[in-house]
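Peer 1: fold the following.
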Amino acid sequence: MTTILQKAEEIWRKLPGLLIRRRETGPIDSVDTLEAFVATRAAFHAQKVLFGYVKARMGIRYPAMFEDRAMIASLNIAKMNVFAACLSDLAIYAVAQASNGQPLGNDERQTLALRIYRTGLRDNAGEAPAAFSIEDAVAAFTQRLTTTDWRAALEPESFTESPEAVYRWAPIADNLKKFDREIIGNSVKFAWRDIREQFRKRIDADQVGADLQRQITN
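Peer 2: The predicted structure follows:
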């Protein structure tokens, strides 16, 4: 079992480095700490839901997948796409929460969310497989921001990209996966609850807003 877990970690270990390096519990009181929270928790969530689903679907065949180069290649593609989707969901939610009640306009919210998203992807650029396009991911996120309702983004229902990404990219045969859409959706959405709770407990929206304003005016 240790060998299996080690191989799973080997596949994931650099997505992102922040996930392994620290899981701080201090206040989120600046743009930098906001970025760090979103990147690390998006990576943690992506790892948990993607490998959890693959393991559950493969059952006793799970250990064998770490000997299959094609499967590992598919997992490497899946992990980045699922991470990008998790990053998209959490970045928008985090900005909505951090800016709630703050004197920030939609343009400022979009700019902050895009900065967080770009930073998360940039920190993993060296690990992205050739089949994953960072430029396309940023373009899709930018388009999403143009239609984001920041009031609705405060709600759990705004986490729409990550369930679809797990369903689409998990390397499970389509004829098997098609029966799992609802299960995947519920599982992925449920797993976000603790992360949202952590965020609400740690966020100091006034300090984040003040830091952002200082950066805008400087």
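
Peer 1: what segments of the chain are helices?
Peer 2: Secondary structure of the chain (DSSP state H): helices located at 2-12, 17-21, 31-58, 69-99, 106-122, 134-146, 161-169, 174-177, 181-191, 193-202, 205-217.

Peer 1: run the chain-centre distance for the fourth one.
Peer 2: Put plainly, it is helix 69-99. 4 Å (CA atoms, centre = their mean, to the nearest Å).

Peer 1: pLDDT of it, averaged?
Peer 2: For helix 69-99, the mean pLDDT works out to 91.

Peer 1: now do stretch 140-160
Peer 2: Mean predicted confidence for stretch 140-160 is 96.

Peer 1: about what we covered before: and the helices of the chain, which is most packed in?
Peer 2: Most buried of the helices of the chain by mean neighbour count (mean count of other CB atoms under 10 Å) is helix 69-99; its value is a mean of 23. The C-beta positions use only the backbone N, C-alpha and C, and glycine is treated the same way.

Peer 1: quick one, that helix and helix 193-202 angle?
Peer 2: Helix 69-99 runs at 30 degrees relative to helix 193-202, counting by axes from the mean of the first three to the mean of the last three CA atoms, to 10 degrees.

Peer 1: for helix 69-99, name the packing helices and strands.
Peer 2: Applying 3 or more CB pairs under 8 Å, 6 or more residues apart in numbering; DSSP states H and E, we find helix 69-99 packed against helix 2-12, helix 31-58, helix 106-122, helix 134-146, helix 161-169, helix 193-202, helix 205-217.

Peer 1: and the ones you listed, which one's lowest on average pLDDT?
Peer 2: Of all the helices and strands packed on helix 69-99, helix 2-12 carries the lowest average pLDDT, namely a mean of 58.

Peer 1: what's the closest of the helices of the chain to Leu154?
Peer 2: helix 69-99 (4.9 Å; CB to CB).

Peer 1: circling back: tabulate the helices and strands packed on helix 69-99 in a markdown table, adding columns for distance to Leu75.
Peer 2: Listed next are the helices and strands packed on helix 69-99 as a markdown table, based on distance: least, CB to CB, whole Å:
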| stretch | distance to Leu75 |
| --- | --- |
| helix 2-12 | 6 |
| helix 31-58 | 7 |
| helix 106-122 | 19 |
| helix 134-146 | 18 |
| helix 161-169 | 9 |
| helix 193-202 | 22 |
| helix 205-217 | 35 |
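
Peer 1: contact partners for the closest residue to Phe159 other than its chain neighbours?
Peer 2: Spatially, and ignoring its direct neighbours in sequence, Phe159 is nearest to Asp89 (4.4 Å; CB to CB, 6 or more residues apart in numbering). Residues in contact with Asp89, defined by CB atoms under 8 Å, 6 or more residues apart in numbering, are 42, 158-162, 192.

Peer 1: ok, so of these, who is nearest Asp206?
Peer 2: Ser158 (22.8 Å).
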